[in-house]
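Predicted model follows, preceded by the sequence.
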Amino acid sequence: MKRFCFTLMLCLLYASTLNAENGEWRFAVVGDTHVPNADTVKKIVDKLVEDKVEVVLFPGDLIHGGKGQDATGMYEELSEWKELTRPLIEAGIEVLAVRGNHEADVKGNSLTPWKELISERLNFVSYHGNVAFVGIDNYAIGQHTVDLEWLGKALADIDRSLMIIPFGHEPAFSCDTFHPVCLDAYPDKRNALWDLFEKYGIKYYFCGHTHQYNWSSITHNGKTIHQVVSGGGGGFIQPRRGGTHDCDGYEIESVDIRSETGYLLVTVSSNQLSMHWTRVYDSSAEYMPDRRNHSVTKPLSQKTGRTDFKNRN
């Protein structure tokens, strides 16, 4: 038995060393935690520490906030969110976050709590290993928008040997997402954003907003970019609806969609990504109340556990 345990430890050590030599490391994407409405994030944080991720992206709606909240309440909710995610910081995990509509819509001065507690920068570039993470704010110059001037300059300044991974709150394409209008509210500006992604060889755009896992591939000008919604961090689960809008010559393929709580685990190996969706069950966030008929909306998928998805390019 002792020999078996010793052999197992050697194998694990060898695997860990091999991964390090190959430059493999992991990050996660956790959208729409909506603190304090659900405590899915508590379960997710524990799992992320176990997964030994090095970076966690939070693409907006950290708190419930919204139009019914004021700056004082926002400060309290963000403080609670920071306390819930403290184990990540204590484990040496880098936390990167952008605003969602539930932060931007808060009454009064919503920028002060955000800048004091989360980040002084609304748009930013953060480097980790062989990746440049680009945080994109969708509300600084108006709802459903991106500061294209800032983004163009930021992308031009990034070393082309690095993998560029942008993330924002809203999907660029409403591919069976719950929200019928996202960045495609302004198709010309959305298309200009996608042109920048194509120009700089970007393969993935991570976002949230819709409370589901929703992976779509968008092909345009012979280039394919994957839009991956990871919005299962704790808000009420939302079904797909509305189809796809304002395609403007973009070929859109739905790869996978799941209405369930969970997070996306991403392994970086050289200049490739592999993605693993992990369901985290939370009974308090399982269904979204339907105010039209006072019932609940059933989830799309009853699947549990982990499903592995590899880079399709």
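Yep, that arrived.

only C-alpha atoms for contact and neighbour calcs from this point on.
Will do.

what residue ranges in the protein score low on pLDDT?
In the predicted model, the chain carries pLDDT under 70 at residues 1-22, 38, 242, 245-246, 284-313.

Recalculate using a threshold of 80.
Counting by pLDDT under 80, the chain contains low-confidence ranges at 1-22, 37-39, 176-177, 179-180, 239-248, 282-313.

so residue 167 makes contact with residue 205?
Yes. In this structure, residue 167 is within contact of residue 205 by Cα atoms under 8 Å, at 5.6 Å.

Which of those two has more residues huddled nearby?
When neighbours are counted by other Cα atoms under 10 Å, residue 167 and residue 205 differ, and residue 167 comes out ahead with 28 against 20.

Need the phi and psi values for the more buried one.
In this entry, residue 167 is assigned phi and psi values of phi -150, psi 140 (degrees, to the nearest 10).

Who does it form a beta bridge with?
Judged by DSSP bridges, the bridge partners of residue 167 are residue 135, residue 206.

Contact partners for it?
Neighbouring residues of residue 167 by Cα atoms under 8 Å, 6 or more residues apart in numbering: 57, 59, 133-136, 205-207.

tell me which residues in stretch 140-150 are buried?
Counting neighbours by 16 or more other Cα atoms under 10 Å, one finds that the buried residues in stretch 140-150 are 140, 143-147.

Which one of those is nearest to residue 239?
Closest approach to residue 239 among these (Cα to Cα): residue 144, at 20.9 Å.

Identify the residue spatially nearest to the closest one, adjacent ones excluded.
Of all residues not flanking residue 144 in the chain, residue 183 sits nearest, at 4.6 Å (Cα to Cα, 6 or more residues apart in numbering).

Let me see the ranges of the helices in the chain.
Ranges of helices within the chain are 2-21, 40-51, 71-84, 86-90, 101-104, 111-117, 148-157, 187-199, based on DSSP state H.

Export the fifth one to CSV, keeping only CA atoms.
Listed in CSV are the C-alpha atoms of helix 101-104, where the atom choice follows Å, rounded to 0.1, in the frame of the first residue of the first chain:
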residue,chain,number,x,y,z
ASN,A,101,-25.7,46.3,-16.5
HIS,A,102,-26.5,45.5,-12.9
GLU,A,103,-23.5,47.6,-11.8
ALA,A,104,-24.0,50.3,-14.5
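
what does it rub up against?
With Cα under 8 Å, 6+ apart as the test, helix 101-104 has contacts from 60-67, 74, 110-111, 114, 139, 169.

Report whether the expected contact of residue 123 with residue 136 is present.
Yes. Residue 123 is within contact range of residue 136, at 5.1 Å (criterion: Cα under 8 Å).

if we can go back for a sec, nearest to residue 27, of the helices of the chain?
Nearest to residue 27 among those is helix 40-51 (8.9 Å), distances taken as Cα to Cα.

In terms of secondary structure, what does that closest one contact?
Using 3 or more Cα pairs under 8 Å, 6 or more residues apart in numbering; DSSP states H and E, the elements in contact with helix 40-51 are helix 71-84, helix 86-90, strand 262-269.

Make TSV out of those and add distance to residue 233 and mean neighbour count.
Below are the helices and strands packed on helix 40-51 laid out as TSV (distance: least, Cα to Cα, whole Å; neighbours: other Cα atoms under 10 Å):
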stretch	distance to residue 233	mean neighbour count
helix 71-84	12	18
helix 86-90	15	15
strand 262-269	6	22
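
Can you add distance to residue 237 and give those back as a markdown table?
Shown next, in a markdown table, are these (distance: least, Cα to Cα, whole Å):
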| stretch | distance to residue 237 |
| --- | --- |
| helix 71-84 | 19 |
| helix 86-90 | 24 |
| strand 262-269 | 10 |
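
wait, which of these is closest to residue 240?
Among the helices and strands packed on helix 40-51, the nearest to residue 240 by Cα to Cα is strand 262-269 (16.5 Å).
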